[in-house]
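> okay, predicted coordinates and the sequence, questions at the end:
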Amino acid sequence: MTDTIGDRPSAGHDADVATRTEIVDIIARFGRHMDDRNLDAAMTLFTPDIEFFYQSGAVHLEGIESVRAFLARAFQTLAGRPTTHLMGNTTVDTDSGVAEAKTAAIGFTASETALSTRGLLYTDRFRRVDGTWKIFWHRHEAVWESESARTRPTLFAS
């Protein structure tokens, strides 16, 4: 299997430690901001011209205002349903000033009656903006999903 950055094969250059650390931190913050429903903080991670794919490309958005509106609606839909995103197994490659990260994640969504667990794959492409790595291309892919009845029907207060 060939890794790609953009539409071309990656040269397979592992990112240096500082780049990898910064990018993995951005990915962790993305998951944290989603769980906290912190829309303003999430938007700071993206470039203004972000290209955003959700559900394996079923939703395709261009531009930060489109992404902001989409996530605001998603947060409203999830009101009262806490989520946890555990991000891990991130690989980071760089080529010609672009970094690409692939992150496996487990996402949990709780309701009063059920717990949904999803295996996710995030692919993010980054470029530097004013000295900081920013996501300019984001893809969310649900790989698998399982739902089970909650054995404890009351959610904990936050």
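That came through, no problem. Residues are numbered from 1 along each chain as shown.
> please enumerate the strands of this protein.
4-5, 8-9, 13-14, 46-54, 59-62, 83-95, 98-110, 114-129, 132-149 (DSSP state E).
> in terms of mean pLDDT, which of the ones you listed ranks lowest?
Of all the strands of the chain, strand 8-9 carries the lowest average pLDDT, namely a mean of 46.
> what residue, apart from its backbone neighbours, is nearest residue 113 spatially?
residue 150 (5.8 Å; Cβ to Cβ, 6 or more residues apart in numbering). Heads up, the C-betas are built off the backbone N, CA and C, glycines and all.
> my read: residue 52 touches residue 70, true?
Yes: if you go by Cβ atoms under 8 Å, residue 52 and residue 70 touch, sitting 7.3 Å apart.
> in terms of neighbours, single out the busier of these two.
Set residue 52 next to residue 70 and count neighbours by other Cβ atoms under 10 Å: residue 52 wins out with 21 against 14.
> quick one on the thing from earlier: state the pLDDT value of the residue nearest to residue 113.
81.
> OK, contacts around it?
110-115 (Cβ atoms under 8 Å, 6 or more residues apart in numbering).
> hmm, try it at 7 Å
110, 113-115 (Cβ atoms under 7 Å, 6 or more residues apart in numbering).
> top of those by neighbour count?
residue 110 (18 neighbours).
> against residue 141, how distant is the residue nearest to that residue when sequence neighbours are not counted?
Once flanking residues are discounted, residue 110 sits nearest to residue 82: 5.3 Å by Cβ to Cβ, 6+ apart. The spacing between residue 82 and residue 141, counted by Cβ to Cβ, to the nearest Å, is 22 Å.
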